[in-house]
Each structure stands twice: as C-alpha cells, then as structure tokens.
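1. Build the 3D model from these lines:
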Amino acid sequence: MCKGISYLPSSCLEKAKEMRVMLSHLAETHHKHKILDGKAVHDLETLLNNIRGLQAFRGFLLSEFSEENLEFWLACEDYRLSPSNLQKTKSSNIYGQFINPDAPQEVNLDAETREALLSVTDSPCADTFNKAQQRIYNLMAKDSFPRFLRSPYCMEAIKAF
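-> This is a model prediction of the structure:
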C-alpha cells in the first residue's frame, strides 16, 4: 500500500526535483528555438528578416487586432531606407497613420517620444523615427513575439518549410 510522498527517501525527492527542473528547461528551450527556413527563431529580428516568418507574424497580429506595431516598424524601415527627397512625404504619412492622437493605427508611444516626433514634423531627417521604432520593436519583442511563438500561426509557418 502506498503511504505517500513523505515516505520516500530524501535522495529520491532531490532527484525528482532535479529532473523536473531539467525537463522544464528543455521544454522552454524547445519552445524558444522554433525552426524557420533552417534558422532558429529565437528572436524577433530573425523573424522579421524572413519573408514567410514576417507573413506568419503579420497574420498572427491581425488575428489579435494588433498589427499597428508591425506596420509602424515596417513603415519606419521603409522611411529609413528611402532617399532624402522622399522622406518628407513618407514622414507625413507615418505621422498621419501612426503617431497623431487620432491616427487610424495609433501606436503606443510614451508622451516624451511622441512629443519629440511631433516637434520635428516639419524637418525630418534619416533618423527621425529611430527611437520610436526601437520602442515599438522592444514592445513587440516582449509582448507579441512570445505569444506568437506559442500560437498556431508559428506552428503553421514552420510546417510550411
């Protein structure tokens, strides 16, 4: 008859605890290192630099009604790589789409960053959106990306390869 866990020798209990920690670590490592196009998807940058990964991430964000952060980040990338003669027009589009308080896809920026952007509306330069883009990237990396890794969208993207 079983008398419960308290009757087991302490060495068995310690071994069981060690095994639980090891299995937990293995499960976490497996979850973080999904494979996409032969590369481990262990960070947001890897995902954003892979067209299929980007498409899967966009689909996931659309399903959560939170695609504005990715769209802003992509618009900033496009702006950063644009010739200077197009930057004024593109910056106006970014302000109207993502920064202004009534923007259709307003991103969640702190007041200081938003004010800094609004103060340079008339004279944008190549690095105008760098700080805001980095803040949104960090937000996606800490919030959306971990949820994406656990989602069926990530699993489907991996199966497609």
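2. and the residue lying closest to S82 once chain neighbours are set aside, how many neighbours?
-> Among residues not flanking S82 along the chain, K90 sits closest, at 5.6 Å (CB to CB, 6 or more residues apart in numbering). For glycine as for every other residue, the C-beta is placed from the backbone atoms N, C-alpha and C. K90 has 18 neighbours, counted by other CB atoms under 10 Å.
3. part of a helix, is K90?
-> Yes: assigned with DSSP: H, G, I helix; E, B strand; the rest coil, K90 falls within a helix.
4. Now do it, the pLDDT please.
-> K90 is assigned 94 on the pLDDT scale.
5. Surely it touches D78?
-> Yes: K90 lies in contact with D78 (CB atoms under 8 Å); the separation is 6.9 Å.
6. hmm, back to that, gap between the residue nearest to S82 and A103?
-> Relative to A103, K90 is positioned 15 Å away (CB to CB, to the nearest Å).
7. got it, and E71?
-> When distance is defined by CB to CB, E71 is 11 Å away from A103.
8. Common neighbours of those two, please.
-> When CB atoms under 8 Å, 6 or more residues apart in numbering defines a contact, the residues bordering E71 and A103 alike are Q97.
9. Hmm, C154 is touching F148, no?
-> Yes: with contact defined as CB under 8 Å, C154 counts as touching F148 (5.5 Å).
10. who touches both of those two?
-> 56, 60.
11. so where do the strands sit in the protein?
-> 34-36, 39-41 (DSSP state E).
12. dump the residue contacts of K88.
-> Counting by CB under 8 Å, 6+ apart, K88 has contacts P124.
13. Might you report the residue contacts of the closest residue to A132 other than its chain neighbours?
-> The shortest distance from A132 to any non-neighbouring residue, by CB to CB, 6+ apart, is to T113 (5.2 Å). Contacts for T113 (CB under 8 Å, 6+ apart) come out as 131-132, 135.
14. how does it look with 10 Å?
-> 99, 107, 129, 131-132, 134-136 (CB atoms under 10 Å, 6 or more residues apart in numbering).
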